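> how does the following fold in three dimensions:
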Amino acid sequence: MAGEKPQVEIVKGVNGLDKVVLREVRGSSAEVYLYGGHVTSWKNDHEEELLFLSNKAMFKPPKAIRGGIPICFPQFGSHGTLEQHGFARNRFWSIDTDPPPFPANISHNAFVDLILKPSEEDAKIWPHSYEFRLRVALGPGGDLMLTSRIRNTNNDGKAFSFTFAYHTYFLVSDISEVRVEGLETLDYLDNLQEKERFTEQGDAITFESEVDKIYLSTPSKIAIIDHEKKRTFVLRKDGLPDAVVWNPWDKKAKAMSDFGDDEYKHMLCVEAAVVEKPITLKPGEEWKGRLELSAVPSSYCSGQLDPQKFPLRLVDPSLSRMEQYIVVRVLLEALVDCDLIICLFASGVIIIKLKFNNLSTPVVSTMKIKEMVQHHEEDLGSDGHDVNIWANGMHKWKP
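Numbers count the residues shown, from 1 in each chain. Below you'll find the predicted structure:
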């Protein structure tokens, strides 16, 4: 591996469409079609595919590609007067030869910069001038990162508004064995009930039928746990307050020409989005929305997640039931205590990574964690009031 460098190359894909292939030195990869600025593949260092792409996906413009990560702009869904999900996903993008600088502390091993500008046809249906810049990157650990920058370049002084989504299709083993954590107790708009507003009940989201919900004011991190695959997808987002959860189930799957009848069993869309409150830009203003996806190993032990049944001592009785639940989830990974703590500062949030080693009686304390955060405040440049705990890179816990 020594001396190897990340690779970026442009090759011909399905039906001769140009695609960019990104390869990270440890073996992870991603593929991005210039048609739609569309990520169609993301593989880990074991060459396992992580994104769902329908076997019936049509790579035939102007049809959008079914699966991967379509870009919804300037309209999400039917929230406006344009075609479903806007037009960015079925336009040809260009390589951006003069992208704006990114912060020096952002490390991208392999990346491509794309740009979309309005055509004369687009101007007839959405009469605004803009520059949409998209960076797709692989991090050193194989994380997939998408950063969108949209700027109003109108010369007539007019502002414009838009909605947006990264319409991410995750590949899962069995939809009935998947749960989504991080959206508990939040309000959502149910597209299956004329966008009526409800509040999510229960500890996590599971799937037994069609779902099409827009969760509002969501946290910056969401976990998608695939029990059968023993894999957890971690979705981190910035500038994208909403999250869409969608699975068409059997009837709608059969009604889609570019979707297999049973493929709904192996996909789940969890989409970082801006839907409820559209973004408005005045001339010269720019909006940025960032998505980062990680895939990490996880385990699940049914029946042992109740802290009262779990035969271990949790030392802080002030923890809520949900906090205890997450601590138990963490401890199930290995019956050990944390003896190595690394604090990182990213996007205004303190991330504490816990590495577990051998111990007979695990001990986890909010006071202990807060003391560690205080100890690192000066180095992190944070007041420590917004803390996220990540154990083995997977589970979130806010004390």
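> and the contacts of stretch 110-122?
Residues outside stretch 110-122 that contact it (C-beta atoms under 8 Å, 6 or more residues apart in numbering): 6-8, 20, 22-24, 30, 32, 34, 37, 87-88, 91, 93-96, 99, 126, 128-138. For glycine as for every other residue, the C-beta is placed from the backbone atoms N, C-alpha and C.
> now Val21: which helix or strand?
For Val21, the element it lies in under DSSP states H and E is strand 18-23.
> what packs against that strand?
Judged by 3 or more C-beta pairs under 8 Å, 6 or more residues apart in numbering; DSSP states H and E, the packing partners of strand 18-23 are strand 7-12, strand 29-33, strand 110-116, strand 130-138.
> mind putting the ones you listed into CSV with mean neighbour count and mean pLDDT?
Output for these, formatted as CSV (neighbours: other C-beta atoms under 10 Å; pLDDT from 0 to 100):
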stretch, mean neighbour count, mean pLDDT
strand 7-12, 12, 96
strand 29-33, 24, 98
strand 110-116, 22, 96
strand 130-138, 22, 97
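> pull the distance from the strand or helix carrying Lys124 to the chain's centre.
Using DSSP H and E, Lys124 sits within helix 120-125. How far helix 120-125 lies from its chain's middle: 31 Å, per C-alpha atoms, centre = their mean, to the nearest Å.
> pull the CA atoms of it into CSV?
Extracted in CSV, the C-alpha atoms of helix 120-125 (Å, rounded to 0.1, in the frame of the first residue of the first chain):
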residue,chain,number,x,y,z
GLU,A,120,-32.3,28.0,-21.9
GLU,A,121,-34.9,25.2,-21.5
ASP,A,122,-34.5,25.3,-17.7
ALA,A,123,-34.9,29.1,-17.6
LYS,A,124,-38.3,28.7,-19.3
ILE,A,125,-39.6,26.6,-16.4
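> and it, what's buried?
Buried residues in helix 120-125, counted by 16 or more other C-beta atoms under 10 Å: Asp122.
> what's the answer for stretch 68-88, then?
68-77, 79-80, 82, 85-88.
> coming back round to it: can you tell me the average pLDDT over the helix holding Lys124?
Averaged across helix 120-125, the pLDDT comes to 92.
> got it, and stretch 208-221?
Rounded mean pLDDT across stretch 208-221 is 96.
> quick one: buried residues of it?
210-216, 218-221.
> what sits up against that stretch?
Residues contacting stretch 208-221 (C-beta under 8 Å, 6+ apart): 176, 182-183, 186-192, 195, 200, 205, 234-238, 241-249, 251-252, 273, 275-276, 347, 349, 388, 396.
> that stretch: end-to-end distance?
24 Å (C-alpha to C-alpha, to the nearest Å).
> look at Val349 and report its pLDDT.
32.
> so Tyr264: helix, strand or coil?
Look at Tyr264: counting by DSSP: H, G, I helix; E, B strand; the rest coil, its state is helix.
> in what helix or strand does the closest residue to it other than its chain neighbours lie?
Spatial nearest neighbour of Tyr264, excluding adjacent residues (C-beta to C-beta, 6 or more residues apart in numbering): Ala253 at 4.4 Å. Applying DSSP H and E as the criterion places Ala253 in helix 249-255.
> nearest residue to Glu31 other than its sequence neighbours?
Closest to Glu31 by C-beta to C-beta, 6+ apart is Ser41, at 4.0 Å.
> burial measure for that neighbour, as a count.
20 (other C-beta atoms under 10 Å).
> that one and Leu144, how far apart?
10 Å (C-beta to C-beta, to the nearest Å).
> how about Glu196?
Taking C-beta to C-beta, one finds Glu196 at 34 Å from Leu144.
> more neighbours: these two, which one.
Applying other C-beta under 10 Å to Glu196 and Leu144 shows that Leu144 carries more neighbours, namely 25 against 10.
> low-confidence regions, the stretch 251-399 of the chain specifically.
299-399 (pLDDT under 70).
> contacting residues around the strand holding Val21?
6-13, 29-35, 40, 95, 110-112, 136-138.
> who's in contact with Thr232?
223-226, 295-298, 394.
> any chance of the helices and strands packed on strand 18-23 in JSON lines, plus distance to Lys230?
Shown next, in JSON lines, are these (distance: least, C-beta to C-beta, whole Å):
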{"stretch": "strand 7-12", "distance to Lys230": "30"}
{"stretch": "strand 29-33", "distance to Lys230": "22"}
{"stretch": "strand 110-116", "distance to Lys230": "27"}
{"stretch": "strand 130-138", "distance to Lys230": "23"}
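> spit out the contact partners of the residue minimising distance to the centre of the chain.
Here the mean C-alpha position of the chain is nearest to the C-alpha of Leu235 (C-alpha atoms, centre = their mean), at a distance of 3.5 Å. Residues near Leu235 by C-beta under 8 Å, 6+ apart: 168, 221-224, 243, 270, 272, 291-293.
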